[in-house]
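**Student:** Take a look and give me a structure for this.
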Amino acid sequence: MSVEGKPRLVLRYAMALGVSAVALGVIAAVNPVVGFVPLLLLAAVAAVERYGGARPAILTILICTLVSLHSIQGQLESAYRLHIITELAMFPAVGAAVVYLMESRRKQKREVHERSLELSTLLDSMTEAVFVFDPSGHIVEVNRAAENLCHRDRFNLTGAHYAEVADLLRVQQDDALLPLSELGVARALRGEVIRNESRTYISPRDSSPVHVMLSASPMRIGSGRMLGAVLVAHDVTELTTLQRRVADTERHLAIGQMASGLAHDFNNVLNTITQATALMEINPAQTPEQRRRYLQMIDRAARTGAEIIRRVREYVKGGTGQSTAVDLRRILSEALDLAEPMWRTNRDIRVETDLNAVSPVWANAADMRRVFANLIINAIQAMPQGGRLRIECDERDGTVFARVRDTGQGIPPEAQKKIFLPYYTTKATGTGLGLSTAQRILLAEGGNLSFSTEPGAGTTFIVEMPVMKAAEELKAA
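**Tutor:** I've put the predicted structure just below:
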């Protein structure tokens, strides 16, 4: 025991003696009026235990019991004395029980407090914003990251309903405010488990967009009684911005790779226009039929040039986020035309197509064009010495399949598990986002991207998209 602790311990036992004396004095004072009531001594025991602890309280029980036994000797009739002694015999047991219960209660409170501190420390150490809600949807606990996200301190957030927090953060999905019933915490309180859903908040600090990945889970106990819900928001604003910049770089890199061929095509367009114009100027006495033929050549060339520019522009800007009915066969043809300068300059690459008529799918046309252009460019780059590029499209059992096959060297076994990971690339100038972005786009549209490969024999990438449902079902979904 420390030197500083001894005086405190002495003070506690002194308090036990003082309280015992006061309690016995009270008993002695009320004895002539109401009789000897030993249970009144329990108040003294409880007071000493509350302020002095268990051992001083036990000392109080002993003092009060012994002094009371001594004080009733010879003062009461034998029958009444026996009754009082019986009560005094019960007093130590009842007093000990009171001490035990109070100590248990104190220990329980201490453990709850310690767990609360541990939970608070754990939550504050997390970089994700964490909100804990009760069954009625009111906040019972937040961490520092949540305070920073809401730009409010813990005192102002605790007790607030999730509707107030949603109004504060202006929760959005796909650039539209999210209804209260679709909020993560509302769904979690209905028993739903949410994993990594994309959300956009508007920061109360400076009104800037905050991109987060949201997870939420209900909290249950025993037979399933709902205790509340916990919501975790991971701020991915910097990562999202970086991914967009890298994705833009990748699109421009692809355009750069196709630039020489595109310039060749566009130069052909300009040559056609120039030559047709020159022929019209050389022979001003042409018949109307001849002039009409030259004008049609100029018009076709101009339309071809405009189409080249349109495809390049749509590829560079990517998708708009709006889905429509899309014909994958047409999108495949457009993507093949976009990459044509790359495979046409390599005379050793043979292009084969087997594009069957298919039902429309529900997707974003620009995004799908980007996916297929990326797969075709990858296939061309996989065959630097030439080979066969085959593009196929068909439909089976309500699913549209599109395949891009090459006869390159295939994907090495060590790379096959990483091929869809962001930033993983086997190219010296690659960004590693092409296939991961393609897979993300397809999964978001309800489709899938897979591959089959054989070292030395080539690779086939397979796009699967469900056939578009009836318009009524789409509206109801």
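
**Student:** care to break this structure down by domain?
**Tutor:** 5-122, 126-235, 241-476 (automatic domain parsing).

**Student:** Would you mind giving those domains as CSV with mean pLDDT and mean neighbour count added?
**Tutor:** Every C-beta, even on glycine, is put in place using the N, C-alpha and C of the backbone. CSV is the format used below for the domains of the chain (pLDDT from 0 to 100; neighbours: other C-beta atoms under 10 Å):
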stretch, mean pLDDT, mean neighbour count
domain 5-122, 77, 15
domain 126-235, 86, 16
domain 241-476, 76, 16
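
**Student:** would you list every one of the strands in this structure?
**Tutor:** Here the chain has its strands, by DSSP state E, at 129-133, 139-142, 172-173, 176-177, 194-202, 209-221, 225-235, 324-326, 349-355, 361-363, 387-396, 399-406, 448-454, 458-466.

**Student:** Could you work out which of these reaches nearest to Ala21?
**Tutor:** strand 139-142 (46.3 Å; C-beta to C-beta).

**Student:** which strands and helices sit next to the closest one?
**Tutor:** Other helices and strands packing on strand 139-142, by 3 or more C-beta pairs under 8 Å, 6 or more residues apart in numbering; DSSP states H and E, are helix 78-125, strand 129-133, helix 154-157.

**Student:** Endpoints of stretch 401-418, how far apart?
**Tutor:** 23 Å (C-alpha to C-alpha, to the nearest Å).

**Student:** So what's the gap between it and the chain middle?
**Tutor:** Mean-position distance between stretch 401-418 and its chain equals 31 Å (C-alpha atoms, centre = their mean, to the nearest Å).

**Student:** do the same with stretch 283-291
**Tutor:** 69 Å.

**Student:** ditto for stretch 295-309
**Tutor:** 48 Å.

**Student:** Over to stretch 167-178?
**Tutor:** With C-alpha atoms, centre = their mean as the basis, stretch 167-178 stands 15 Å off its chain's centre.

**Student:** And stretch 45-56, by the same measure?
**Tutor:** Distance, centroid of stretch 45-56 to centroid of chain: 51 Å (C-alpha atoms, centre = their mean).

**Student:** hmm, who's touching that stretch?
**Tutor:** 12-13, 15-16, 19-20, 57, 59-61, 64, 95, 98-99, 102-103 (C-beta atoms under 8 Å, 6 or more residues apart in numbering).

**Student:** switch the cut-off to 10 Å
**Tutor:** 8-9, 11-20, 22-23, 57-61, 64, 91-92, 94-96, 98-103, 106 (C-beta atoms under 10 Å, 6 or more residues apart in numbering).

**Student:** In this structure Pro412 contacts Pro455, no?
**Tutor:** Yes. Judged on C-beta atoms under 10 Å, Pro412 makes contact with Pro455 at a distance of 6.8 Å.

**Student:** Could I get the CA-only coordinates of stretch 355-371 as CSV?
**Tutor:** Listed next in CSV are the C-alpha coordinates belonging to stretch 355-371 (Å, rounded to 0.1, in the frame of the first residue of the first chain):
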residue,chain,number,x,y,z
LEU,A,355,-22.7,-11.0,-84.7
ASN,A,356,-26.1,-12.6,-84.4
ALA,A,357,-29.3,-10.5,-83.8
VAL,A,358,-30.0,-10.3,-80.1
SER,A,359,-32.6,-8.8,-77.8
PRO,A,360,-31.9,-5.4,-76.3
VAL,A,361,-30.4,-5.1,-72.8
TRP,A,362,-30.8,-2.3,-70.2
ALA,A,363,-27.5,-0.5,-70.0
ASN,A,364,-25.6,2.7,-70.7
ALA,A,365,-24.6,2.8,-74.3
ALA,A,366,-21.4,4.9,-73.9
ASP,A,367,-20.2,2.7,-71.0
MET,A,368,-20.8,-0.5,-72.9
ARG,A,369,-19.0,1.0,-75.9
ARG,A,370,-16.1,1.8,-73.6
VAL,A,371,-16.1,-1.8,-72.2
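
**Student:** Minimum distance to Ala302: which of the strands of the chain has it?
**Tutor:** Nearest to Ala302, of these and by C-beta to C-beta, is strand 349-355 at 26.5 Å.

**Student:** quick one, that closest one and strand 387-396 angle?
**Tutor:** Here strand 349-355 points in a direction 10 degrees away from that of strand 387-396 (axes from the mean of the first three to the mean of the last three C-alpha atoms, to 10 degrees).

**Student:** and strand 349-355, which strands flank it?
**Tutor:** Counting by DSSP bridges, the strands paired with strand 349-355 are strand 387-396 (parallel).

**Student:** Give me the angle between the partner strand and strand 458-466.
**Tutor:** 20 degrees.

**Student:** coming back round to it: let me have the strands of the chain in CSV, adding distance to Arg152 as columns.
**Tutor:** Listed next are the strands of the chain as CSV, based on distance: least, C-beta to C-beta, whole Å:
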stretch, distance to Arg152
strand 129-133, 12
strand 139-142, 9
strand 172-173, 19
strand 176-177, 20
strand 194-202, 13
strand 209-221, 14
strand 225-235, 14
strand 324-326, 41
strand 349-355, 57
strand 361-363, 41
strand 387-396, 54
strand 399-406, 49
strand 448-454, 42
strand 458-466, 44
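
**Student:** Ok, which of those strands comes nearest Thr287?
**Tutor:** Going by C-beta to C-beta, the one of the strands of the chain nearest Thr287 is strand 349-355, 40.5 Å.

**Student:** And the closest residue in space to Ala365 that isn't next to it in sequence, how far from Asp337?
**Tutor:** Closest residue in space to Ala365, ignoring its immediate chain neighbours: Val326 at 5.1 Å, by C-beta to C-beta, 6 or more residues apart in numbering. Computed as C-beta to C-beta, to the nearest Å, the Val326 to Asp337 distance reads 16 Å.

**Student:** Same check on Val361?
**Tutor:** For Val361, the distance to Asp337 (C-beta to C-beta) stands at 20 Å.

**Student:** cool, and Gln172?
**Tutor:** Gln172 sits 37 Å away from Asp337, going by C-beta to C-beta.

**Student:** Over to Ala23?
**Tutor:** In terms of C-beta to C-beta, Ala23 sits 100 Å off from Asp337.

**Student:** same thing with Arg55?
**Tutor:** For Arg55 relative to Asp337 (C-beta to C-beta), the value is 91 Å.

**Student:** backbone phi and psi for Val171, please?
**Tutor:** The phi and psi torsions at Val171 (degrees, to the nearest 10) take the values phi -60, psi 130.

**Student:** Report the contact partners of it.
**Tutor:** Contacts of Val171 (C-beta under 10 Å, 6+ apart): 162, 165, 177-180, 182-184, 199-202, 212, 214, 233.

**Student:** go with 6 Å
**Tutor:** Leu178 (C-beta atoms under 6 Å, 6 or more residues apart in numbering).

**Student:** What of Val98?
**Tutor:** Leu42, Val45, Ala46.

**Student:** one more time with 10 Å
**Tutor:** Leu42, Ala43, Val45, Ala46, Glu49, Ala57, Ile61.
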